[in-house]
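Q: My questions concern the predicted model and sequence given below.
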Amino acid sequence: MRKILLILMLSPLLLTAQDKFGFYSHGKALESVPGYQQSMAEYEALKLRCEEEIERNEHELTRKYVAFLDGQQDFPELILRKRQKELQQMVDNSVVFRKQLSGWLKQAKDSLLAPHNAAVDAALVRVCLRHGLSFAFDSDVVQLRFVNPSAGVDITSLVIAEVLNPKEVRAVVKTKSAEPAEANDEVNDVAEEQADVADDVDATDTVSDDGGDTDVAADSVDESVGVKEE
C-alpha cells in the first residue's frame with residue numbers, strides 16, 4: 001500500500017505531456033473470468049466444511065466443560081486437577097485448530113483464484129500496451145477521488161472485454177490501427193509473452209504446508225489437527 005501511495009505522489013513527476021495512465025477494477029475484471037464462479041463455489045464449500053468442523057469441536061468442548069461443572073463437587077482432588085488440565089488442553093487445541101484452518105482456507109482461496117488472477121493480469125498488460133498507457137492502478141485498492149481525463153482513462157471495460165474474448169478484441173484493434181505493421185507486431189509479441197502467465201497456472205493448483213503439497217479438496221479438512229477426545 002505504501003508503494004502505491006508513493007507512486008501516486010510521484011506520478012506528476014513521472015508523467016510527461018504525452019503519457020497516460022489507466023485505472024481499473026480488478027475485482028470486476030476477475031468476476032468476468034470464465035470459471036471464476038465455479039472456483040468461488042468450491043471455496044465456499046471448503047469454508048462451510050471448516051465451519052462445521054469448528055462447530056463440532058466447540059460442541060465437544062462445551063459438552064465436556066458442562067460435565068466437569070456437574071461433577072467437580074464429587075471429584076477427588078487428583079481427578080479434579082486432571083480434568084482441569086484436560087479442559088485447558090482442549091481450549092488450547094481449539095485455538096490452534098482455528099488458526100490452522102484460517103491459514104489453510106486462505107491458501108486454498110489463493111490457489112483456486114491464481115489462474116483467474118493471472119488471466120486478468122495478462123489481459124491488463126495487453127490493454128495497456130495496445131493503448132499506450134504508461135501504467136495502471138487497481139481502483140479497488142487505491143481510491144481515486146479525481147482523475148484528469150487528459151491523463152487517465154478507465155480501462156475496466158476494456159480489460160473485461162479482453163478477458164472474455166481476447167482474439168476478437170485483437171482483430172478489431174488490428175483492423176482500425178493506423179500504426180506501422182512492425183510496431184503492431186512488436187506490441188503483440190510482448191503481450192502474448194505476458195499472456196502465457198495465465199496458461200502456465202494450473203486450475204487444480206495445490207497449497208503447500210510445511211514443504212509438502214496438500215490437495216485443495218474438502219477431504220483435507222478431515223486430516224486437520226483436531227481436538228483430542230477423551
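A: Done, it's in.
Q: Only C-alpha atoms from now on, for both contacts and neighbour counts.
A: Will do.
Q: gap between G71 and I79?
A: The gap separating G71 from I79 is 11 Å, by C-alpha to C-alpha, to the nearest Å.
Q: K64 now?
A: K64 is 14 Å from I79, by C-alpha to C-alpha.
Q: And for V147?
A: 71 Å.
Q: Now do the same for K28: its pLDDT.
A: If you check K28, the pLDDT there is 96.
Q: next SSE after the strand or helix carrying it?
A: For K28, the element it lies in under DSSP states H and E is helix 26-31. Using DSSP H and E, the helix or strand that follows helix 26-31 in sequence is helix 36-71.
Q: mind listing what's buried in that following helix?
A: 36, 39, 42-43, 46-47, 49-50, 53-54, 57-58, 61, 64-65, 68 (16 or more other C-alpha atoms under 10 Å).
Q: what does the average pLDDT come to for that helix?
A: Averaging pLDDT along helix 36-71 yields 91.
Q: now stretch 131-148
A: The pLDDT scores in stretch 131-148 average 92.
Q: Residues contacting that stretch from elsewhere in the structure, which ones?
A: With contact meaning C-alpha atoms under 8 Å, 6 or more residues apart in numbering, stretch 131-148 is reached by I4, D19, K20, F21, G22, F23, Y24, S25, H26, G27, C128, V153.
Q: Flag every buried residue along that stretch.
A: Using 16+ other C-alpha under 10 Å as the test for burial, stretch 131-148 gives L133, F135, A136, F137, D138, S139.
Q: could those residues be laid out in TSV, adding secondary structure and distance to W104?
A: Putting these into TSV (DSSP: H, G, I helix; E, B strand; the rest coil; distance: C-alpha to C-alpha, whole Å) gives the following:
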residue	secondary structure	distance to W104
L133	coil	38
F135	strand	34
A136	strand	32
F137	strand	30
D138	strand	27
S139	coil	28
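Q: would a markdown table of the residues you listed with distance to F75 be doable?
A: A markdown table is the format used below for the buried residues of stretch 131-148 (distance: C-alpha to C-alpha, whole Å):
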| residue | distance to F75 |
| --- | --- |
| L133 | 76 |
| F135 | 71 |
| A136 | 68 |
| F137 | 65 |
| D138 | 62 |
| S139 | 63 |
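Q: closest to A118 among the buried residues of helix 36-71?
A: Closest approach between the buried residues of helix 36-71 and A118, by C-alpha to C-alpha: Y36, at 11.9 Å.
Q: ok, and the closest non-adjacent residue to the closest one?
A: Using C-alpha to C-alpha, 6 or more residues apart in numbering and skipping the chain neighbours, the partner closest in space to Y36 is H116 (6.6 Å).
Q: Measure how buried the one you found is and give me the count.
A: By other C-alpha atoms under 10 Å, the residues close to H116 number 24.
Q: is it true that it touches V33?
A: Yes - in this structure H116 lies within contact range of V33 using C-alpha atoms under 8 Å: 6.2 Å.
Q: Can you find which helix in this structure contains the most residues?
A: helix 77-130 (DSSP state H).
Q: quick one: that one to helix 36-71, angle?
A: 170 degrees (axes from the mean of the first three to the mean of the last three C-alpha atoms, to 10 degrees).
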